[in-house]
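[1] show me the folded form of this:
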Amino acid sequence: MNDTATATFEQERGRLTSLAYRMLGERAAAEDVVQNAWLRWAGTDETEIKTPAAWLTTVTTRLAIDALKSARHKREVYAGIWLPEPILSETENPQATPEDTLAQAQDVQLALLWAMERLAPEERAAFILREAFDSDYADIATTLNKTEAACRQLVARAKKRVSEESPRFDASVAEVGDLLSRFMAAAQTHNMQEILSLLSPDALALSDGGGKVRAAYRPLVGPEDIALVFTSLLQKNADKVKPQLVYANGRPAIVSLQQDEKSDIVISLVPDEEGLVRWIYVMRNPDKLTRPAEDLKPIA
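    Predicted structure coming up:
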């Protein structure tokens, strides 16, 4: 592999990692897919490839589809609720470095990653290539080895399925930040009436403990259920949880990273059209909170 071929791949690495993360919702899995794409690239005569970027997109997409099929089998027996791994940063638009291969990946919201879990692997790939990377249908057809008409159907069906019973994906950073601050303030002071007033009638809260720490094994549905669990959770961990406002996949989040990883937690939410809390994300799985320590300094 010559320097030019290596430079070509490195120029694409961030975009490929973003594609793989959108497919899999996990950082390490995405990086594994990109590493496998690199091995394929290293074993190819790049002078015979007319458009390296398109070739790498096709290889990465197909590897990610296979990886997602394998991951789906594991997620079927996952302990509790599986949620996508967050990408945390201290600022809304962190300064990307050449080494930061996940810089482009954090543009995708956690709620959208969660909603895309209901898509079949090829459906998800077509949707991501079209909506996130603005690929034309001819390229998607080549990548998925399908006709353009079939790809148009895949994307149309994916859009419909993603929007069904999903939170909105157009809430502003300011809107999310304000609602999150009010919700957490009410929860920490155990103000049940205030919490109830902030929750949508069809609010949904999801927690991922990975079977390694305490977390709700079922979705919490409705204001009363959510308010009761949140006040109890924060009351029991009041001496451990030291909340810090950060950004998870580009949206405001509350994080508490301690030396004791069993009390680590990341909370984010999405409002509905009325400005009430519609969707709550709670990550407690230590396996998905090991990387944030590299991005954020634990509170002393």
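
[2] need the longest helix for this protein.
    helix 52-76 (DSSP state H).

[3] what mean pLDDT would you report for that helix?
    Helix 52-76 shows a mean pLDDT of 95.

[4] likewise stretch 79-98?
    For stretch 79-98, the mean per-residue pLDDT is 82.

[5] that stretch: which residues count as buried?
    Buried positions in stretch 79-98, judged by neighbour count with 16 or more other CB atoms under 10 Å: 80, 81, 82, 83, 84, 85, 86, 87, 88, 89, 94. All C-beta spots, glycine's among them, are computed from the backbone N, C-alpha and C.

[6] for stretch 55-68, same thing?
    By neighbour count, with 16+ other CB under 10 Å as the criterion, the buried positions of stretch 55-68 are 55-65, 67-68.

[7] quick one: which of those residues is nearest to residue 247?
    residue 64 (24.8 Å; CB to CB).

[8] might one say that that closest one is in contact with residue 128?
    No: using CB atoms under 8 Å as the test, residue 64 is too far from residue 128 to be in contact (9.1 Å).

[9] quickly list what's touching both of the two.
    Common neighbours of residue 64 and residue 128 are listed as 19, 23 (criterion: CB atoms under 8 Å, 6 or more residues apart in numbering).

[10] chain center to the longest helix of the chain, what's the gap?
    Mean-position distance between helix 52-76 and its chain equals 16 Å (CA atoms, centre = their mean, to the nearest Å).

[11] burial check on residue 200, number of neighbours?
    Residue 200: 20 surrounding residues under other CB atoms under 10 Å.

[12] residues touching the closest residue to it other than its chain neighbours, list them.
    The shortest distance from residue 200 to any non-neighbouring residue, by CB to CB, 6 or more residues apart in numbering, is to residue 276 (4.1 Å). Residue 276 is in contact with 179, 198, 199, 200, 203, counting by CB under 8 Å, 6+ apart.

[13] which of the residues you listed lies closest to residue 168?
    Closest approach between those and residue 168, by CB to CB: residue 200, at 11.0 Å.

[14] in what helix or strand does the closest one lie?
    Remark: residue 200 resides in strand 199-208, with elements defined by DSSP states H and E.

[15] wait, residue 273 touches residue 171, no?
    No: contact criterion CB under 8 Å: residue 273 and residue 171 do not qualify, at 9.4 Å.

[16] of these two, which one has the most company?
    The neighbour comparison of residue 273 against residue 171 (other CB under 10 Å) goes to residue 171, with 21 against 10.

[17] that one and residue 20, how far apart?
    According to CB to CB, to the nearest Å, residue 171 stands 26 Å off from residue 20.

[18] just to revisit the earlier point, which of the contacts of residue 276 sits closest to residue 110?
    residue 179 (15.2 Å).

[19] so who does that closest one touch?
    198, 269, 271, 275, 276, 277.

[20] hmm, which of these are the buried ones?
    Among these, those buried by neighbour count (16+ other CB under 10 Å) are 198, 269, 271, 276, 277.

[21] and the helices in the stretch 51-200 of the chain?
    Here the stretch 51-200 of the chain has its helices, by DSSP state H, counting those that start in this stretch, at 52-76, 110-115, 121-131, 137-144, 148-163, 173-188, 192-198.

[22] neighbouring contacts of the fourth one?
    Right, the one you point to is helix 137-144. By CB under 8 Å, 6+ apart, helix 137-144 touches 54, 57-58, 61-62, 122, 125-126, 129-130, 135, 146-148, 150-152, 154-155.

[23] and for the shortest one?
    Identification of contacts with helix 110-115 by CB under 8 Å, 6+ apart yields 22, 25, 83-84, 86, 162-163, 166-167, 169, 206, 248-249, 251, 268, 270, 279, 281.

[24] can we see that at 6 Å?
    The contact list for helix 110-115 (CB atoms under 6 Å, 6 or more residues apart in numbering) reads 25, 84, 162, 166, 167, 169, 249, 270, 279, 281.

[25] what's the answer for the longest one, then?
    Residues lying outside helix 52-76 but in contact with it, judged by CB under 6 Å, 6+ apart, are 8, 12, 16, 19-20, 23-24, 33, 36-37, 40, 49, 82, 121, 125, 143.

[26] switch to 8 Å and redo it
    Outside helix 52-76, the residues within contact range by CB under 8 Å, 6+ apart are 8-9, 12, 15-16, 19-20, 23-24, 26, 29-30, 32-34, 36-37, 40-41, 46, 49, 82, 121-122, 124-125, 129, 133, 135, 139, 142-144.

[27] about what we covered before: redo the buried residues of stretch 55-68 as CSV? Include distance to residue 225.
    As requested, these are arranged in CSV below (distance: CB to CB, whole Å):
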residue, distance to residue 225
55, 50
56, 46
57, 43
58, 45
59, 45
60, 40
61, 39
62, 42
63, 40
64, 35
65, 36
67, 35
68, 31
